[in-house]
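Chemist: Based on what follows, work out the 3D shape:
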Amino acid sequence: MHPMTPLVRTFLNATARVAPGPAGRLAFHLFVRPLGRARPKPDEQEIMAAARVERLRVRGKDVVTYAWGDGRRPVLLVHGWSSRASRLGALAEALLARGHSPVAFDAPGHGDSPGRASNVVEYREIIRRLHALHGDFDAVVAHSFGALAALFALRDGVRTARFVGIGAVGSFTYLTTGFQGLLGVDERVVRALRGHVERRLAPGEPGLWHRLEADRDPEPLGVPVLLLHDEEDDMVSPSQARLLLRAHGDRARLVATRGLGHRRILKDPAVVAEAVEFVTAPAVETPGERVATG
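Modeler: Below is the predicted model:
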């Protein structure tokens with residue numbers, strides 16, 4: 001626990017009772033800041049050096065983007081919170097070898113993109129812009145928080161033929177509940193946080209919270225879904241994958257791994273192969289759940 005956490009908790013709980021607006025702003029400021037800036041790992045450097053690196057200006061912020069291949073059969077890779085595009089490098093390399101053109105980005109405050117914070121609405125806008133630049137995706141492959149953000153974008157007009165969620169978050173409420181538990185704040189603070197999002201981040205968007213629960217009304221996605229989640233994931237509960245599996249019904253399949261956790265799953269050869277085979281398969285695969293050892 002950060003040494004300032006008890007002080008922040010006391011201040012937020014007290015402020016939310018008398019001034020929900022300021023409490024919401026402070027809670028939002030804490031909620032949207034990554035927990036440090038991940039650096040590239042040695043085994044990620046070669047594939048990242050092969051990418052075409054460009055920049056987008058999204059909602060007043062610079063976003064570094066990456067693209068490989070000849071532009072045909074694009075596949076969007078979406079990193080998670082406090083992460084970076086290079087963490088999906090093994091997937092980019094494998095997809096490139098199969099004739100796809102991977103596309104990725106570092107969200108603001110992540111990887112090589114400047115800034116100190118980001119949020120789900122910014123992720124959505126970045127994905128929209130990449131869709132406009134690269135056309136419909138053969139697949140979207142997303143990790144952790146990136147899966148929730150990608151599904152949010154897919155509900156709002158971005159098109160893909162398939163979706164892969166790895167260690168996926170399926171519910172925004174799951175994130176706010178985790179934030180509440182981490183800081184030990186009361187429900188008034190969470191209400192103030194949500195109110196700030198509605199007023200400042202996404203004004204004029206009716207049904208925002210409904211659309212941020214990826215298990216609700218999933219029919220518009222209408223594409224095959226592969227979920228890969230480790231039973232020992234200490235960051236995102238496997239219950240999130242099962243929530244998405246139930247929501248997407250016969251279109252979805254869950255592969256549960258063991259021993260890979262939340263991060264190593266992204267580079268596990270069997271997981272990478274499973275995801276790539278799903279993306280390149282000519283037909284919808286049999287739904288259900290099975291367990292793979294890792």
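Chemist: Might one say that R52 is in contact with W68?
Modeler: Yes - the criterion here is CB atoms under 8 Å, and R52 meets it with W68 at 7.3 Å. To be clear about C-beta, it is placed using only N, CA and C from the backbone, and glycine gets the same treatment.
Chemist: Which of those two has more residues huddled nearby?
Modeler: Neighbours around R52 and W68, counted as other CB atoms under 10 Å, are more numerous at W68. The numbers are 22 against 11.
Chemist: pretty sure the more buried one is in contact with A97, am I right?
Modeler: No - W68 is beyond contact range of A97, at 10.3 Å (criterion: CB under 8 Å).
Chemist: list the helices and strands the host helix or strand of L77 packs on?
Modeler: Per DSSP states H and E, L77 falls inside strand 74-78. Using 3 or more CB pairs under 8 Å, 6 or more residues apart in numbering; DSSP states H and E, the elements in contact with strand 74-78 are helix 89-97, strand 101-106, helix 120-134, strand 139-143, helix 145-155.
Chemist: among the ones you listed, which is the most enclosed?
Modeler: Greatest average neighbour count among the helices and strands packed on strand 74-78 goes to strand 139-143 (a mean of 29), per mean count of other CB atoms under 10 Å.
Chemist: With only the CA atoms kept, save that one in CSV.
Modeler: Extracted in CSV, the C-alpha atoms of strand 139-143 (Å, rounded to 0.1, in the frame of the first residue of the first chain):
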residue,chain,number,x,y,z
ALA,A,139,-9.6,-9.6,-35.9
VAL,A,140,-9.2,-7.6,-32.8
VAL,A,141,-6.9,-9.2,-30.1
ALA,A,142,-7.1,-7.4,-26.8
HIS,A,143,-5.6,-8.0,-23.3
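Chemist: re earlier: now the helices and strands packed on strand 74-78 in JSON lines, with distance to L226 and mean pLDDT?
Modeler: Rendered in JSON lines, the data for the helices and strands packed on strand 74-78 read as follows (distance: least, CB to CB, whole Å; pLDDT from 0 to 100):
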{"stretch": "helix 89-97", "distance to L226": "12", "mean pLDDT": "98"}
{"stretch": "strand 101-106", "distance to L226": "17", "mean pLDDT": "98"}
{"stretch": "helix 120-134", "distance to L226": "19", "mean pLDDT": "97"}
{"stretch": "strand 139-143", "distance to L226": "9", "mean pLDDT": "98"}
{"stretch": "helix 145-155", "distance to L226": "11", "mean pLDDT": "95"}
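Chemist: Ok, which of the ones you listed comes nearest E205?
Modeler: Set against E205 and scored by CB to CB, the helices and strands packed on strand 74-78 come closest in helix 120-134, at 8.6 Å.
Chemist: Need the contact partners of the closest one.
Modeler: Residues from elsewhere that reach helix 120-134 (CB atoms under 8 Å, 6 or more residues apart in numbering): 56, 58-59, 61, 63, 65, 67, 71, 74, 76, 78, 101, 103, 105, 107-108, 137, 145-146, 148-150, 152-153, 156-159, 172, 201-202, 212.
Chemist: same thing but 7 Å
Modeler: For helix 120-134, the external contacting residues (CB atoms under 7 Å, 6 or more residues apart in numbering) are 56, 58-59, 63, 65, 71, 74, 76, 78, 103, 105, 107-108, 137, 148-150, 152-153, 156, 158, 201-202, 212.
Chemist: angle of that helix against helix 145-155?
Modeler: 60 degrees (axes from the mean of the first three to the mean of the last three CA atoms, to 10 degrees).
Chemist: With that, I have no additional questions.
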